[in-house]
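**Student:** Predicted coordinates and the sequence they were generated for:
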Amino acid sequence: MVVSPETGQVQEASIFVAVLGASNYTYAEATWKRDLAAWIGSHVRALEFFGRVFPTDPSPTLLLLPAPVIIDANTIARIRIASG
């Protein structure tokens, strides 16, 4: 909850946190809503923040990062079956 020092009004906020695990760089912000626009906006601002951390020219190291992997419910079910 956030309390306005001027008015004393109390408003609930949600905290968005993004972390780069290997480096432990962290970005956090409070948002008033939990809708798609707020979620996307938080990601955009986090990526802009992290963009200031890394060089704008991709280095060979950054080019070796794997592509994102999307795992859906069917894949999870197959993994559970395969792992017994």
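**Tutor:** Received it, and whenever you're ready, just let me know what you need. Numbers count the residues shown, from 1 in each chain.
**Student:** in this protein, which helix or strand is least confident?
**Tutor:** Using mean pLDDT, DSSP states H and E, the weakest-scoring helix or strand in the chain turns out to be helix 60-63, at a mean of 48.
**Student:** Pull out the buried positions in the top helix by length along the chain.
**Tutor:** Ranked by residue count, the top helix of the chain under DSSP state H comes out as helix 36-51. By 16 or more other Cβ atoms under 10 Å, the buried positions in helix 36-51 come out as 42, 46, 50. For the C-beta atoms, the positions are set from N, CA and C on the backbone; glycine is no exception.
**Student:** Surely W32 touches A38?
**Tutor:** Yes - because the distance of 7.4 Å satisfies Cβ atoms under 8 Å, W32 is recorded as touching A38.
**Student:** and for those two, which residues touch both?
**Tutor:** Here W32 and A38 have S14 as joint contacts, going by Cβ atoms under 8 Å, 6 or more residues apart in numbering.
**Student:** re the thing from before, the buried residues of helix 36-51 into CSV, with extra columns for pLDDT and distance to A18?
**Tutor:** Formatted as CSV, the buried residues of helix 36-51 follow (pLDDT from 0 to 100; distance: Cβ to Cβ, whole Å):
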residue, pLDDT, distance to A18
S42, 90, 8
A46, 89, 4
F50, 83, 8
